[in-house]
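> got a sequence here, can you model it:
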Amino acid sequence: MRALGEALAKAAFPGEFIALFGGLGAGKTTLVRHFAAALGMDAAASPTFTIVRRYASDLVSIDHFDCYRLADADELYAVGFEDHLDTGSIIIMEWSENVLDALPPERLEVHIEGSGEEPRSVDIEAFGAAYESILEGLSL
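A predicted model of the protein is given here:
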């Protein structure tokens, strides 16, 4: 997850949307932590109880959503999700499977299988030309 987070950060752009999918312990927050660190931010932590945390550097900000406790997209919109879409922040969303109806049409999806000490498998899907470029240039 460390290498993937760092690689994705190298291709990051303002307004980017990364949707993370995977079970408990899959490494979603670890990926976000290393993504943020690669952009000069520290202290990234799971926003499970606050739903969203913002991390910022001099160059960019990240809005880190955790939708684990949400039942559907309506609950996400109720916490002001739409306001975050227009800020230019990179949005990284954990538990995206809980709010599928809210995901923008153009995005990068990272599907993680495995947890704990199990080996991980990762499938990345790109929706939109900018995200296809990220996927094509990704090297781990």
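> show me where the protein dips below the pLDDT cut-off.
By pLDDT under 70, the weakly predicted segments of the chain are 43, 45-49, 140.
> one more time with 80
42-50, 139-140 (pLDDT under 80).
> and the helices in it?
Here the chain has its helices, by DSSP state H, at 2-10, 28-38, 73-78, 81-85, 129-137.
> other SSEs contacting the first one?
Helix 2-10 makes packing contacts with helix 28-38, strand 107-113 when contacts are defined by 3 or more CB pairs under 8 Å, 6 or more residues apart in numbering; DSSP states H and E. In short, each C-beta sits where N, CA and C put it, glycine included.
> for the shortest one, list every residue counted as buried.
Along strand 107-113, the positions that meet the burial threshold by neighbour count (16 or more other CB atoms under 10 Å) are 107-112.
> just put the helices and strands packed on helix 2-10 in TSV and tack on distance to residue 72.
Shown next, in TSV, are those (distance: least, CB to CB, whole Å):
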stretch	distance to residue 72
helix 28-38	19
strand 107-113	18
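> hmm, residue 14 and residue 89 touching each other?
Yes. Using CB atoms under 8 Å, residue 89 makes contact with residue 14 at a distance of 7.4 Å.
> and for these two, which residues touch both?
residue 60 (CB atoms under 8 Å, 6 or more residues apart in numbering).
> out of those two, name the residue with the larger neighbour count.
residue 89 (20 against 11; other CB atoms under 10 Å).
> in contact with the more buried one, which residues?
14-15, 54, 60-63.
> tell me the one of those nearest residue 74?
Closest approach between the contacts of residue 89 and residue 74, by CB to CB: residue 63, at 18.9 Å.
> show me what contacts the closest one?
Counting by CB under 8 Å, 6+ apart, residue 63 makes contact with 52-54, 84, 87, 89-92.
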